[in-house]
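Colleague: got a predicted model here, sequence first, then my questions.
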Amino acid sequence: MCHLDAGDIYIVGGIVDRNRYKRLCADKAEAQGIRTARLPIDEYVALSSSRVMCTNHVVEIMIRQRELKDWGAAFEAVIPIRKRKAEGGESDSEDGSGDA
């Protein structure tokens with residue numbers, strides 16, 4: 001089970017490096033011996049589009065998890081409905097694209 005430790009320092013990335021600079025942040029952290037981790041998104045919520053989130057959503061998810069002690073509730077409280085898959089695997093957005 002993934003948990004957030006009050007004694008740890010968390011650096012939330014602000015550089016999207018999946019296109020031009022693949023693994024830029026991860027490689028730099030590895031080179032400097034900094035432990036990395038991902039939010040356990042796939043274990044708790046099915047997304048209709050990319051797992052890339054804005055920085056403020058990531059921080060808010062982390063805050064909610066510390067308050068609620070429940071990843072599922074934290075994701076549900078923060079991730080917009082338009083980014084979640086509907087029951088049966090369809091997107092919740094009106095056009096079915098998954099993004100509004």
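Modeller: Sure thing, it's come through.
Colleague: now the top helix by length along the chain: buried residues?
Modeller: Ranked by residue count, the top helix of the chain under DSSP state H comes out as helix 55-68. Going by neighbour count (16 or more other C-beta atoms under 10 Å), the buried part of helix 55-68 is H57, V58, E60, I61, M62, R64, Q65. Bear in mind the C-beta positions are built from the backbone N, C-alpha and C, glycine included.
Colleague: same question, stretch 36-56
Modeller: By 16+ other C-beta under 10 Å, the buried positions in stretch 36-56 come out as L39, Y44, V45, L47, S48, M53.
Colleague: what of stretch 6-23?
Modeller: Applying 16+ other C-beta under 10 Å to stretch 6-23 flags no residue as buried.
Colleague: any figure for the gap between the residue nearest to A46 when sequence neighbours are not counted and R51?
Modeller: Distances taken as C-beta to C-beta, 6 or more residues apart in numbering put K85 closest to A46, at 4.2 Å, once the chain neighbours are dropped. As for K85, its distance to R51 is 12 Å (criterion: C-beta to C-beta, to the nearest Å).
Colleague: rewinding a little: in the buried residues of helix 55-68, find the pair that's most separated.
Modeller: H57 and Q65 (12.5 Å; C-beta to C-beta).
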